[in-house]
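Asker: Predicted coordinates and the sequence they were generated for:
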Amino acid sequence: MKLIDATFDKNVKPDDARPRLMVLMFVAFTIFAVLISRLWILQVMGGQKYMALAEGNYIRDLPIEAPRGLIFDRSGKVLVNNRPSIGITLSPPVAEKNPRIINRLAGILHISSSDIREKLAEKKADPLKPRVIARDIDDKTLAYIEEHKMGLPGVDVVTESIRSYPFGSLGAHVFGYLGEISQEEMQSKKNNGSYALGDIIGKSGAESVYEGLLRGQKGSEQIEVNASGRPLSIIKKQEPLPGSNLMLSLDLSLQQVTEQALKDAMQQARNTGTGAKANGGAAIVLDPRNGDVLAMASLPTYDPALFIGGISKKNWQQLIDKKTNFPLNNRAIMAYAPGSTFKPVTLIGALADGIIKTNDTFDCGGKWLGLGKKWARWCWDHAGHGTVGLTRGMAESCDVVFYSIGYKFYKTGGERLQYWARVFGIGSLTGIDLPMEAKGRVPDKQWKEKINDGNPEYQRWYPGDTVNIAIGQGDILATPLQMASLYAAIANGGILYRPHVGKAMISWDGNVKREFKLKPEDKRKLDISKDIIRFNQDALEKTVTQGTAAAAFSGFSTRVAGKTGTAQVRGKGDYAWFAGYAPVEEPRYVVVVMVEQGGHGGTIAAPAARKILAAAMGIPDRGAGYVNDLSR
Amino acid sequence: MINLIGINRKIDLTMLLSVILLCIYGAIAVFSATQSNASASGDQYFLLKKEILAMLIGFIALIVMTLGDYNRWKTYIVPLYILNIVLLMVVLAIGSSHKGAQSWFEIGSFQLQPSEFSKLILIVTLASFFANRRSQLDSIQDLGMSLLHVGIPLLLVLLQPDLGTALCYVAILLGMMLVAGFPARHFAILAIAGIIVVFCAVQFHVLQDYQLSRLTVFVNPDNDPRGAGYNLLQSKIAVGSGQFFGKGLFSGTQTRLQFLPERHTDFIFSVIGEEAGFIGAALLLILFLVLIVRGIRTAAYSKNMFGTLLAAGIVSLWLFQILVNIGMTIGLMPITGIPLPFVSYGNSSLMVHLMSVGILLNVYTRSYV
């Protein structure tokens, strides 16, 4: 062995390896140079970037939802409240990895796994954000979940503040419901605070109009998490700022009475054969002195609690189904033919324009032949009223009187009747602080041309068109709210207020109360002489004492003025209306009741208004009893 | 001082000192990397204690390796080679599996990894094999025999499968071939053969897709930040966020909050980069460079080719492991399970590298006798 070694050593000396070792040395230095420069790039040049990434790794910014402001009635009773709810959340990515968790959870929570999947699949929010899949968990279930947490990855228990509605569906159309913010809403609210996908916002009613006030300011929590996302400690915490509370002009007990009266009226309409289909209606109580909405009812209604945590597909389908008659619609601000409740506009306008005098008389033979025999128009009383003055004409709602006035309007030209309708606010928004208000419609020549574009034979404006408007029929449309504010103007001597449901803002701690003041543009003085309005007021009081509403108000202990209406709608039953106010000597309440396909105003709407007025004024009243008034 | 220099001529104190510093550095890093997760299971010093025990055993082995004349080892080429093969076969048969590779012997709470030891055995047998050649090592037979020499253990570790060790074998072979004086054309042949092997491995799916993606993801980890790229991305974040001065010892958020995978073994350098910053990482690299330079110096001053080749093999192994391990934590190299010598946690690895230092010291000492 030694020999071989010696031989080799003679042939190949380590010295020969030196140049090759230099190569190795060169390789070594190159490697170290590359590593060092890479470290320099990474740590010194890119250090700040990676520092930010590291912080992004372990610091999570979690928003803390701000409690939403409460909603009170005008005397401070809570109408919409918050309450804590213990819910179960599931993280979508974790559920995706462990699909079995869904079935397991469905079993524990006694809900269907397809419901869970539906909740997980909701696309609006951040796809990683845990979804609340069950609320108001009972203690037993909660204990079970806490105990088996290890076997339920991605499942968490959270406490949320959710809306509660102590009076159920009461006032639902005024309060509105909440829902997850939509893409469009995100866009439109961009400049308006920090909204994030998945946020809950007011979708309708006061909740949506006063969103900015009710919402408050989210807090945030910076927490340190480990690689598996488990929170370890709180680094920084900013408490949320609860939203301000909203005081509405509504009066809780009056709202209850109003809804009940409307419900009863509809029930009665269905019981009497005439209004068998009565399945929708609206009622409003307005303070004529300032435009406060004291009660606003719309039927059918819905339970806003259905929307908590996102409404289920099934429930939503039910709410927008024709069969349930669209309970989401606030009928108080939808447009209808006002029928005879419009007649005061015709009367006041004609007197103001001087085309009639207060002592004018008309002959009613049951029909009106002003446009020739071929175009005869019937009074509701086919027997005829005989010779009637304006007051009786109004009180008994004599159509012939108003056909005649309408025809005079036509003949004087200038679309003055439409002008007066507009003066009283028909055809434009009242500006109430509720979304989705309808403008109504004041038909005129221009409108008719436009609507019949392409059908020249229908474009002409006929005298009959004006005559129709004069009795609140034809193409004129007004919302119950417009009628309420119109009657308020009559009651208060000629001031048109912007009606409103919002009364005051109360800071979340209750210390600061800020009343919403009327702005100058919220109050419009009508340029109509006091005498004309007074004349009309008397006529309306006569309606209640001797006219079409007399039966409904017989024995009522306070002076009431008002007008019944029975609007004919093509293809449908008559719509029953009543609009009026009380007490006459110092009006504090305007009431409008409208029942779709309810039949006669005096039979169905006026008795409901009586109940409402009695409650508003605190009068013990046993009601009208059974009324059957076939007038308009 | 003068006396110290005198001693330094006899035993390489510079190398020894840098190795000791590297070991201390490693122990601190391992402790930092393991205290957070170990504390959950009770003893936060558990892994550190094992590491220090391995270090003590390693230093004893180091001293043993410096004793006697290394030239005598040359004669044991056949039994050593057989021992190597047997060890690798036995671990395949009865070793315990961990993370998909059957590479360990369990001895009490100690895990021994024969493939680590086999690297060192291979260096010795290969050095002996080259040194025993009479020729100038320029025939194709020389190349063939060398490939065969390395090929058998290489196949055995690939069966575990342990790609990292297999690559270390290749690095050892190349480094020692270079120093032994193989002609350039042999390297060219190897390069072409290598390309063909890699091509075939990819083409015929010898490598599973996940293995391939693990090897290639370093080019662009952002393509798969939650999958194959996760480790690398987290490692780069750790190292980069260390910035110039580091976040301070035991203060690395990536480390402490367990974003870093394999932080006490393969990714130990990320811990150092995060907590000690550029300064600390550069210091570590300088220690390694000192070690490498002293190793090459040892090779150069060896009195015989066997010593030169031993040193060259060890230096090549170190260089390769440093390059691949650090390179992978900073996105320069594919991610393969190759530990950082002296620093990564791993009993076998630590012992083997300390023994290697012993061998170098032995060669160094003899060169002045």
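Answerer: Here it is on my side, so go on.

Asker: Tell me which residue of the stretch 101-250 of chain B lies closest to chain A.
Answerer: Evaluated by Cβ to the nearest Cβ, the stretch 101-250 of chain B has residue B:240 as its residue closest to chain A, separated by 2.6 Å. From N, CA and C alone the C-beta is placed, and that goes for glycine too.

Asker: neighbours around that residue, how many?
Answerer: 29 (other Cβ atoms under 10 Å in any protein chain shown).

Asker: what sits against residue B:289?
Answerer: Contacts of residue B:289 were listed using Cβ atoms under 8 Å, 6 or more residues apart in numbering or on different chains, and they are A:28, A:29, A:32.

Asker: Now for the last one: which residues touch it?
Answerer: What that stands for is residue A:32. B:285, B:288, B:289, B:292.

Asker: That one sits in which helix or strand?
Answerer: Secondary structure from DSSP states H and E places residue A:32 in helix A:14-39.

Asker: Please pull up the helix or strand immediately following that helix.
Answerer: helix A:47-58.

Asker: Out of the contacts of residue A:32, which sit inside helices?
Answerer: Judged by DSSP state H, helices contain the following of the contacts of residue A:32: B:285, B:288, B:289, B:292.

Asker: Give me the buried subset of those residues.
Answerer: Applying 16 or more other Cβ atoms under 10 Å in any protein chain shown to the ones in helices among the contacts of residue A:32, the neighbour count classes B:285, B:288, B:289, B:292 as buried.

Asker: residue contacts, the nearest residue to residue B:115 once chain neighbours are set aside?
Answerer: Closest residue to residue B:115 in three dimensions, ignoring its sequence neighbours and counting by Cβ to Cβ, 6 or more residues apart in numbering or on different chains: residue B:165, at 4.2 Å. Residue B:165 makes contacts with B:115, B:116, B:118, B:119, B:157, as judged by Cβ under 8 Å, 6+ apart.

Asker: Need the pLDDT of the fourth one.
Answerer: Predicted confidence (pLDDT) at residue B:119: the value is 95.

Asker: which SSE is it in?
Answerer: Element membership for residue B:119, per DSSP H and E: helix B:114-131.

Asker: now for that helix, which elements pack on it?
Answerer: With contacts defined as 3 or more Cβ pairs under 8 Å, 6 or more residues apart in numbering or on different chains; DSSP states H and E, the secondary structure elements packing on helix B:114-131 are helix B:77-94, strand B:101-107, helix B:140-159, helix B:163-180, helix B:305-329, helix B:347-368.

Asker: try it again with 6 Å
Answerer: When contacts are defined as 3 or more Cβ pairs under 6 Å, 6 or more residues apart in numbering or on different chains; DSSP states H and E, helix B:114-131 packs onto helix B:77-94, helix B:140-159, helix B:163-180, helix B:305-329, helix B:347-368.

Asker: So what's the gap between it and the chain middle?
Answerer: 13 Å (Cα atoms, centre = their mean, to the nearest Å).

Asker: Kindly report the same for stretch B:357-366.
Answerer: Taking the mean C-alpha point of stretch B:357-366 and that of its whole chain, the gap between them comes to 18 Å (Cα atoms, centre = their mean).

Asker: hmm, it touching chain A?
Answerer: No: no part of stretch B:357-366 sits near chain A under the criterion Cβ under 6 Å from any Cβ of the partner chain; the closest distance found is 10.5 Å.

Asker: Can you pull out the residues in contact with that stretch?
Answerer: By Cβ atoms under 6 Å, 6 or more residues apart in numbering or on different chains, the list of residues contacting stretch B:357-366 from outside reads B:11-12, B:19, B:62, B:65-66, B:70, B:295, B:298, B:302, B:307, B:310-311.

Asker: could I get the contacts of residue A:32 as TSV with pLDDT?
Answerer: As requested, the contacts of residue A:32 are exported to TSV (pLDDT from 0 to 100):
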residue	pLDDT
B:285	96
B:288	97
B:289	97
B:292	96
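
Asker: pLDDT of the helix holding residue A:32, averaged?
Answerer: For helix A:14-39, mean pLDDT is 91.

Asker: what is the orientation angle of that helix with helix B:347-368?
Answerer: Helix A:14-39 and helix B:347-368 are oriented at 140 degrees to each other (axes from the mean of the first three to the mean of the last three Cα atoms, to 10 degrees).

Asker: Quick check: buried residues in helix A:14-39?
Answerer: Under 16+ other Cβ under 10 Å, the buried positions of helix A:14-39 are A:14, A:17, A:20-21, A:24-25, A:27-28, A:31-32, A:35-36, A:38-39.

Asker: again with stretch A:83-94
Answerer: If you call a residue buried by 16+ other Cβ under 10 Å, then stretch A:83-94 has these buried ones: A:85, A:86, A:87, A:88, A:89, A:90, A:91, A:92, A:94.

Asker: ditto for stretch A:561-571
Answerer: A:561, A:562, A:563, A:564, A:565, A:566, A:567, A:568.

Asker: Other residues contacting that stretch?
Answerer: Among residues not part of stretch A:561-571, those counted as contacts by Cβ under 6 Å, 6+ apart are A:337, A:339-341, A:537, A:540-541, A:543-544, A:548-549, A:574-575, A:577-581, A:584, A:600-602, A:606, A:632.

Asker: Of the buried residues of stretch A:83-94, which is the nearest to chain B?
Answerer: Taking Cβ to the nearest Cβ as the measure, chain B lies nearest residue A:94 of those, at 13.2 Å.

Asker: Tell me which residue of chain A lies closest to chain B.
Answerer: When distances are taken as Cβ to the nearest Cβ, chain A approaches chain B most closely through residue A:50, which lies 2.6 Å from it.

Asker: Can you name the residues that contact that residue?
Answerer: With contacts taken as Cβ under 6 Å, 6+ apart, residue A:50 has the following neighbours: B:237, B:240, B:241.

Asker: Now render those residues as CSV, adding distance to residue B:24.
Answerer: Written out in CSV, the entries for the contacts of residue A:50 read as follows (distance: Cβ to Cβ, whole Å):
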residue, distance to residue B:24
B:237, 27
B:240, 25
B:241, 24
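
Asker: follow-up on the earlier one: out of the buried residues of stretch A:83-94, which touch chain B?
Answerer: The residues of the buried residues of stretch A:83-94 that also fall near chain B, by Cβ under 6 Å from any Cβ, amount to none at all.

Asker: Identify the residues contacting stretch A:293-304?
Answerer: Contacts for stretch A:293-304 (Cβ under 6 Å, 6+ apart): A:165, A:168-169, A:172-174, A:177, A:249, A:251, A:254-255, A:258-259, A:262, A:281-287, A:319, A:325, A:327, A:330-332, A:499, A:501.

Asker: List buried residues within these.
Answerer: With neighbours counted using 16+ other Cβ under 10 Å, the contacts of stretch A:293-304 contain these buried positions: A:165, A:169, A:172-174, A:177, A:249, A:251, A:254-255, A:258-259, A:262, A:281-287, A:319, A:327, A:330-332, A:499, A:501.

Asker: I'd like to know which of those residues are part of strands.
Answerer: Among the buried ones among the contacts of stretch A:293-304, the ones falling in strands (DSSP state E) are A:281, A:282, A:283, A:284, A:285, A:286.
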